[in-house]
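Trainee: Below are the sequence and a predicted model for it; my questions follow.
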Amino acid sequence: MSLLPETGRRVTALVARAQSAGRAPSLALAVVRDRSLLHFTGAGETPPPDPKTQYRLGSITKTLTATMVMQLRDEGFFALDDLLYRHLPGTPVGGVSLRQLLAHVSGLQREPNGPWWERAPGGDVDQLLAELAFDKIAGPPFRTYHYSNLAYGLLGAVLQRATGETWADLVGKRVLDPLGMKRTTYAPVEPYARGYVVHALDGSLHEEPRLDAGAMAPAGQLWSTVTDMAKWAAFLADPAPAVLSRETVDEMCTPVVLQDDAWTAGHGLGPELMRVGERVYVGHGGSMPGYVAQLVVHRPSRTGVVAFANSYGLRGTSIRALSLEALTTVLDAEPVLPAPWRPAPPPAGEAAELCGRWWWMGGEFEVTADGPELVMRSMNPGARAPWRFVPEAPDRWRGTAGMNTGEVLTVLRGPDGTATRLDIATFVFSRDPAHLA
């Protein structure tokens with residue numbers, strides 16, 4: 001499977017222009033869909049881009065750290081609303097929750113104390129915690145979005161204290177190995193692209209050191225390739241239950257905070273959310289001295305873009321803007337076709353009895369069965385997404401999708417045992433079109 005020639009040409013042209021104008025020694029970009037590499041393109045010669053060449057992920061690493069936090073939450077190690085001091089006793093910033101740290105709404109300042117951690121050898125967890133002070137809380141939680149690398153260093157410390165294992169061992173065991181990401185590593189493994197700062201005036205290259213971030217590794221340490229990150233993009237679109245359930249990944253990708261008044265960007269529990277027109281993408285950007293990276297995924301179509309450059313930024317643009325434009329170009333040109341319609345088996349049991357038309361306050365609704373579930377749709381044009389319910393007990397159903405997620409549907413019966421009303425959170429639906437309450 002690959003892109004159509006014209007779509008591939010347009011994506012390749014975007015990358016060539018970005019590399020040339022941005023003055024990147026090397027720029028690699030891949031389009032992925034359903035775990036397949038649809039298109040790979042690159043520009044530059046230092047080194048010539050290759051799908052198996054490693055680049056540094058930078059803060060894309062945070063999405064893997066967040067995944068491990070959610071794994072341990074699901075396994076009962078802690079709750080997201082636990083305050084930090086429960087897991088890191090004695091820390092002066094212990095009054096913030098794990099949820100707030102994940103979504104960058106803790107009020108925590110951006111960087112740890114000491115020299116710039118991205119360009120200095122990292123210390124261990126004990127050193128990171130010892131250097132914290134009360135003044136690292138810059139504002140009250142949830143007042144506003146404030147990106148914090150330090151927050152993810154602290155989340156990594158929580159993972160280590162909760163399991164007794166290092167973050168590096170955990171990410172290999174819990175994420176990379178189950179997904180077969182064999183070319184995603186803690187330290188670079190040949191072949192890998194050297195990272196550079198490009199001199200602003202003469203265009204010369206200045207190679208950057210490749211240092212171990214130590215306790216800050218959970219915020220930006222990992223190295224990877226476009227082929228490995230295609231697997232990570234696929235996981236975000238279609239989760240592997242061996243790593244994390246779909247429900248939990250959905251939770252991670254639900255916005256917690258908006259980053260701007262225009263609603264073009266937000267943050268979930270780890271992933272960033274980016275809106276282009278009517279589409280919302282998830283993923284994350286990344287940078288470390290000498291490198292920039294971007295991952296964007298359109299979950300409904302299971303399509304994503306992975307991009308790397310071995311320069312500290314692109315002149316006149318950004319790798320984020322390039323990736324969003326490339327993904328939007330692909331989705332506009334080659335939308336995913338709808339799944340073929342297949343006849344459903346006839347409804348059975350209580351679901352069969354409830355199928356048909358119902359009315360509430362003059363509005364008409366249709367109930368159908370989808371396997372063991374009920375689907376309820378408003379017949380009004382422009383109605384919102386249908387509601388879905390799963391059976392919990394006789395005459396009791398629980399909402400799983402749509403406006404009534406979490407609400408209870410109770411079947412009310414007449415003297416002869418016939419279902420005559422559906423009570424959904426005190427809204428009572430009837431078979432009688434004249435029924436109003």
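Mentor: Looks like it arrived, so ask away.

Trainee: Going by C-alpha atoms from here, please, whenever you check contacts or count neighbours.
Mentor: OK.

Trainee: Compute the distance between I319 and R388, please.
Mentor: 39 Å (C-alpha to C-alpha, to the nearest Å).

Trainee: do the same with A434
Mentor: From A434 to R388 the distance is 25 Å (C-alpha to C-alpha).

Trainee: chain center to the lengthiest helix in the chain: distance?
Mentor: Longest helix of the chain, by residue count under DSSP state H: helix 5-22. Put simply, helix 5-22 sits 26 Å off its chain's centre (C-alpha atoms, centre = their mean, to the nearest Å).

Trainee: So which elements touch it?
Mentor: On a contact count with 3 or more C-alpha pairs under 8 Å, 6 or more residues apart in numbering; DSSP states H and E, helix 5-22 meets strand 26-33, strand 36-44, helix 319-333.

Trainee: List the buried residues of the longest one.
Mentor: Read that as helix 319-333. By neighbour count with 16 or more other C-alpha atoms under 10 Å, helix 319-333 contains the buried residues 319-320, 322-331.

Trainee: ok, now the first one?
Mentor: Of the residues in strand 26-33, those buried under the neighbour-count criterion (16+ other C-alpha under 10 Å) are 26-33.

Trainee: Direction included, what does it pair against?
Mentor: Paired neighbours of strand 26-33 in the sheet (DSSP bridges): strand 36-44 (antiparallel), strand 303-309 (antiparallel).

Trainee: right, so the ones you listed: which one is the most enclosed?
Mentor: With neighbours defined as mean count of other C-alpha atoms under 10 Å, the strands paired with strand 26-33 peak in mean count at strand 303-309, which reaches a mean of 31.

Trainee: can you state the direction angle for it and helix 319-333?
Mentor: Taking axes from the mean of the first three to the mean of the last three C-alpha atoms, to 10 degrees, strand 303-309 and helix 319-333 form an angle of 150 degrees between their directions.

Trainee: quick one on the thing from earlier: give me the buried positions along the longest helix of the chain.
Mentor: By neighbour count on 16+ other C-alpha under 10 Å, the buried set for helix 5-22 is 7-8, 11-16, 18-20, 22.

Trainee: what do you get for stretch 139-151?
Mentor: Neighbour-count burial for stretch 139-151, with 16+ other C-alpha under 10 Å as criterion, is recorded at 141, 144-151.

Trainee: Please apply the same query to stretch 244-259.
Mentor: Of the residues in stretch 244-259, 244-246, 248-250, 252-259 count as buried by neighbour count, 16+ other C-alpha under 10 Å.

Trainee: Likewise for stretch 204-220?
Mentor: 205, 208, 210, 212-220.

Trainee: And for stretch 187-207?
Mentor: Those would be 188, 192-198, 205, for stretch 187-207 by 16+ other C-alpha under 10 Å.

Trainee: Which members of these define the maximum pairwise distance?
Mentor: Maximum pairwise distance among the buried residues of stretch 187-207 (C-alpha to C-alpha): 21.1 Å, between P188 and V198.

Trainee: so where's the stretch 201-350 of the chain shaky on pLDDT?
Mentor: Low-confidence segments of the stretch 201-350 of the chain, defined by pLDDT under 70, are absent.

Trainee: could you show me where the strands are in it, in order?
Mentor: Using DSSP state E, counting those that start in this stretch, the strands of the stretch 201-350 of the chain run over residues 205-207, 223-224, 257-258, 265-267, 272-276, 279-288, 291-298, 303-309.
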